[in-house]
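J.: return a 3D structure for these sequence lines:
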Amino acid sequence: MRGDHVVSARSDLLTDVVAATVEVAAESGRSGLFTDEVARALTAVVGKIAGKTVEEAEVSGFVSGWQEAIEAVDQKRKDAAGAQVYRIGSYDMTDV
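T.: This next block holds a predicted model:
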């Protein structure tokens, strides 16, 4: 199995968390109880889940890529010749 399903599951989780957060914010606003503390707490929840989701996706992507590389070496696949490597920068979600 490729990582496509895993990425979808992670993005679905993040979507659910953001939707729930927006719902709580809206309910707080309607009741007149939306404060800076509520905003900070909801932002922290989304940030924590997003950070964990990104970290897990990066690890999963590395593992999948590593497994494909080992498979290519083991099987000496001709289609692996000339593969390009792209560096992707790391993002620090703690500053968001």
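J.: may I see the buried residues of the host helix or strand of Ala50?
T.: Taking DSSP states H and E as the criterion, Ala50 maps to helix 36-75. By 16 or more other Cβ atoms under 10 Å, the buried positions in helix 36-75 come out as Leu42, Val46, Ile49, Ala50, Thr53, Ala57, Ser64. No exception for glycine: its C-beta is placed from N, CA and C like everyone else's.
J.: can I get those residues in a markdown table including distance to Ala20?
T.: Formatted as a markdown table, the buried residues of helix 36-75 follow (distance: Cβ to Cβ, whole Å):
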| residue | distance to Ala20 |
| --- | --- |
| Leu42 | 9 |
| Val46 | 9 |
| Ile49 | 10 |
| Ala50 | 13 |
| Thr53 | 14 |
| Ala57 | 20 |
| Ser64 | 29 |
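J.: quick one: which of those is nearest to Ser11?
T.: Ser11 lies nearest to Thr53 out of these, by Cβ to Cβ, at 7.7 Å.
J.: is it true that that closest one touches Leu14?
T.: Yes. Using Cβ atoms under 8 Å, Thr53 is in contact with Leu14, at 5.1 Å.
J.: could you list the low-pLDDT ranges of the chain?
T.: Residue ranges of the chain with pLDDT under 70: 1-8, 72-87, 90-96.
J.: mind doing that once more with 80?
T.: When residues are selected by pLDDT under 80, those of the chain lie in 1-11, 54, 56-96.
J.: for the helix holding Ala50, packing partners?
T.: Secondary-structure packing of helix 36-75 (3 or more Cβ pairs under 8 Å, 6 or more residues apart in numbering; DSSP states H and E): helix 4-31.
J.: helices or strands up against the helix it packs on?
T.: Helix 4-31 packs on helix 36-75, going by 3+ Cβ pairs under 8 Å, 6+ apart.
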